[in-house]
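1. Below: sequence and its predicted model.
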Amino acid sequence: MQPVAKISLGALWEETAAFLRAELALVAPVALLCFGLPMIVLLLAMPVPADGRLQPGPWLWWLLPCGLLSMLGSLSLSALALRPGASVRECLAAGLKRMPTAIGLELLNAALQAALALPIALAALAEGSAGGEPGAASLIANLAGLAFIIWLYVRVLPIWALLSERSMTPFDALRGSFRATRGRYGQLLLLRIVGAIAGFIALMVLVLPIDALFALLGRLPGLSGVANLLGFIATGAVVAALMAIWTVYVARLYRRLEGSISGT
């Protein structure tokens, strides 16, 4: 088997930045609608806990429509990044057509999470009944489950981009994603880690000053509610921007992965 050629992630970032600059007028509305709006809705729906602990409640039902809208955004922005000349309407329509498969993938993910939780719970239960405290078996089960989840999430990294291109079943999408990422686990794992760290830092750097600014504004008489709403809108815009950058980047990465497989 021939060694897999490395993809320049730096060059890919330059390509992504150039695309975003050229197509900002198309990317921004989709990102704000599908990523920004769900974040604003969740911030408005979440209760403000007095003790700092967020409690479950009816507000959790908002996760369903917000998650579906974000899923549509991932599919639509991926289509936009992969189809030169396509309109926002065409990409949203393509995303809607792929939603049943995307929902099927999320249901498979939920079933997998439940299946992984079972042996972990059994190990903890067995150790608890024997010695009263979770021990080595629980630790090993948790680490094994975590390692598998990390491996899986790296292997399915380009799955939304793949799905945005053509109609397929959830299992076909998984097979296609595994095929595209074969032999590249180390590089893609590094990308996942760096992307998560960079996204977290960017979010903190951008959101913390926004929160501080609107907190000061909220201290003025009669402006508390307005300040909170403006803060939520600003946070939603930041999240929309970061999600759009990541989605386009992964879509362009998927095109490189497919090109390396086909030899183009």
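-> Yep, that arrived. Given the structure is predicted, the values throughout are model-derived calculations rather than measurements.

2. what pLDDT, on average, does stretch 59-79 get?
-> Averaging pLDDT along stretch 59-79 gives 93.

3. Please enumerate residues in contact with it?
-> 27, 30-31, 33-35, 37-39, 41-42, 45-47, 86, 88, 90-92, 94-96, 98-99, 102-103, 106, 160-161, 163-165, 243-244, 247-248, 250-251, 254 (CB atoms under 8 Å, 6 or more residues apart in numbering). C-beta coordinates here come from the backbone N, C-alpha and C atoms, glycine included.

4. before we move on, what about stretch 201-220?
-> 223, 224, 226, 227, 228, 230, 231, 234, 235, 238, 239, 242.

5. if you set the cut-off to 6 Å instead, what comes out?
-> 223, 224, 227, 230, 231, 234, 235, 238 (CB atoms under 6 Å, 6 or more residues apart in numbering).

6. So which of the contacts of stretch 59-79 are in helices?
-> 27, 30-31, 37-39, 41-42, 45, 88, 90-92, 94-96, 98-99, 102-103, 106, 160-161, 163-165, 243-244, 247-248, 250-251, 254 (DSSP state H).

7. Same question for stretch 159-172: list its buried residues.
-> For stretch 159-172, burial by neighbour count (16 or more other CB atoms under 10 Å) applies to 159, 160, 161, 162, 163, 164, 165, 170.

8. before we move on, the earlier item: of the contacts of stretch 59-79, buried ones?
-> 27, 30-31, 33-35, 37-39, 41-42, 86, 88, 91-92, 94-95, 98, 102, 160-161, 163-165, 243-244, 247-248, 250-251, 254.

9. Counting neighbours, which bits of the helix or strand containing residue 187 end up buried?
-> Element membership of residue 187, judged by DSSP states H and E, is helix 185-218. Neighbour-count burial for helix 185-218, counted by 16+ other CB under 10 Å, picks out 188, 189, 191, 195, 206, 210, 214.

10. For ChimeraX, what selects the buried ones among the contacts of stretch 201-220?
-> The ChimeraX command for the buried members of the contacts of stretch 201-220 (criterion: 16+ other CB under 10 Å) is given here:
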select :227,230,231,234,235,238
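
11. any idea which of the contacts of stretch 201-220 is closest to residue 118?
-> residue 235 (36.8 Å; CB to CB).

12. And the closest one, its phi and psi?
-> Dihedral pair for residue 235: phi -60, psi -40, per degrees, to the nearest 10.

13. Do you know the pLDDT at it?
-> 91.

14. from now on call the first residue 712
-> Sounds good: first residue 712 from here, last item residue 946.

15. check contacts around it.
-> Contacts of residue 946 (CB under 6 Å, 6+ apart): residue 918.

16. I'd like to know how far it sits from residue 852.
-> 37 Å (CB to CB, to the nearest Å).

17. and the gap between the spatially most central residue of the chain and residue 807?
-> With distances taken as CA atoms, centre = their mean, the residue of the chain nearest its centroid is residue 954 (7.4 Å). For residue 954, the distance to residue 807 (CB to CB) stands at 19 Å.

18. Ok, residue 945 next?
-> From residue 945 to residue 807 the distance is 29 Å (CB to CB).

19. give me the number of residues near the closest residue to residue 958 other than its chain neighbours?
-> Among residues not flanking residue 958 along the chain, residue 788 sits closest, at 4.5 Å (CB to CB, 6 or more residues apart in numbering). Neighbour count of residue 788, defined by other CB atoms under 10 Å: 31.

20. which stretches of this structure aren't confidently modelled?
-> Of all residues in the chain, those with pLDDT under 70 make up the ranges 712-716, 760-763, 838-846, 933-934, 971-975.

21. and with 80 instead?
-> 712-717, 759-767, 830-850, 852, 922, 925-938, 970-975 (pLDDT under 80).

22. And for residue 955, nearest residue in space, chain neighbours not counted?
-> In space, residue 955 is closest to residue 742, 3.8 Å off (CB to CB, 6+ apart).
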